[in-house]
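Novice: Sharing a model that was predicted from the sequence below.
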Amino acid sequence: MKKIRQIIQQYDAKALGVQRGYAVLLPLIKVKNEWHVLYEVRSKHISQPGETSFPGGRIEAGELPKEAAIRETMEELNIQRENINVYGEIDYIIAANRIIYCYVGEITGVDFEDIYPNTEVERLFTIPLDHLMENRPTLYQLNFEFKKANDNDSEQEFPFHLIKQGEKYPFNEVKQKIPFYHIPDEVLWGFTANFTDRFIQIITDDK
């Protein structure tokens, strides 16, 4: 029991089931003396092509989330470490087997027009911070149903016979509210919209 107590006392708790960690930076940049939030549109040759995102990516082995956010921002925006001033971390998202950390920081010493992203980024755009504070996203509900796997699926068939109600077991229906910002010529939704809106809530003290 002494050994068990020592193990638990030293254990670093983490989200159960999370297999992959990611980190992004919510970048603030001044454009014509007005604060903007900078966004990326992902290139067609990478995952989630054409979607709007923040600079960021997978956390490498032995790397802290903040370090990953900075590294990915440097790579994707082709800027130097001294051009990134991280303010701190806001709330993170856990989805399926992923955890996504979000940091807020300022892009300094370089103008928006002079940022030339790497090939993972199709283009960049910004939205004035005041506009985001005055125009909150619309929430749309999406329902996910429990579906039995086909016999030819690679995963093992779910053992309904071990549950008293079998296939009639009342599994919880997953309901998720997904935010969309209605911005002309741009699509901003999902995780990126979630982080954007949470950031606005935090700085305006709108809990």
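Specialist: Sure thing, it's come through. Numbers count the residues shown, from 1 in each chain.
Novice: The protein: strands as residue ranges?
Specialist: Under the criterion DSSP state E, strands of the chain are mapped to 20-31, 34-42, 52-53, 56-58, 84-95, 98-107, 121-128, 138-144, 174-183, 186-189.
Novice: Format the ones you listed as TSV; extra columns: mean pLDDT, distance to residue 161 and mean neighbour count.
Specialist: For the C-beta atoms, the positions are set from N, CA and C on the backbone; glycine is no exception. Converted to TSV, the strands of the chain look like this (pLDDT from 0 to 100; distance: least, CB to CB, whole Å; neighbours: other CB atoms under 10 Å):
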stretch	mean pLDDT	distance to residue 161	mean neighbour count
strand 20-31	96	32	21
strand 34-42	96	44	19
strand 52-53	96	43	20
strand 56-58	95	38	19
strand 84-95	95	30	14
strand 98-107	96	31	21
strand 121-128	96	50	16
strand 138-144	88	24	10
strand 174-183	89	24	14
strand 186-189	92	40	17
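Novice: For residue 195, find the nearest of those.
Specialist: strand 98-107 (4.7 Å; CB to CB).
Novice: quick one on the thing from earlier: show me the one of the strands of the chain that comes nearest residue 70.
Specialist: Nearest of those to residue 70, taken as CB to CB: strand 84-95 at 5.7 Å.
Novice: list the helices and strands that closest one packs on?
Specialist: On a contact count with 3 or more CB pairs under 8 Å, 6 or more residues apart in numbering; DSSP states H and E, strand 84-95 meets strand 20-31, helix 65-77, strand 98-107, helix 190-203.
Novice: same thing but 7 Å
Specialist: Helices and strands touching strand 84-95, as assessed by 3 or more CB pairs under 7 Å, 6 or more residues apart in numbering; DSSP states H and E, comprise helix 65-77, strand 98-107, helix 190-203.
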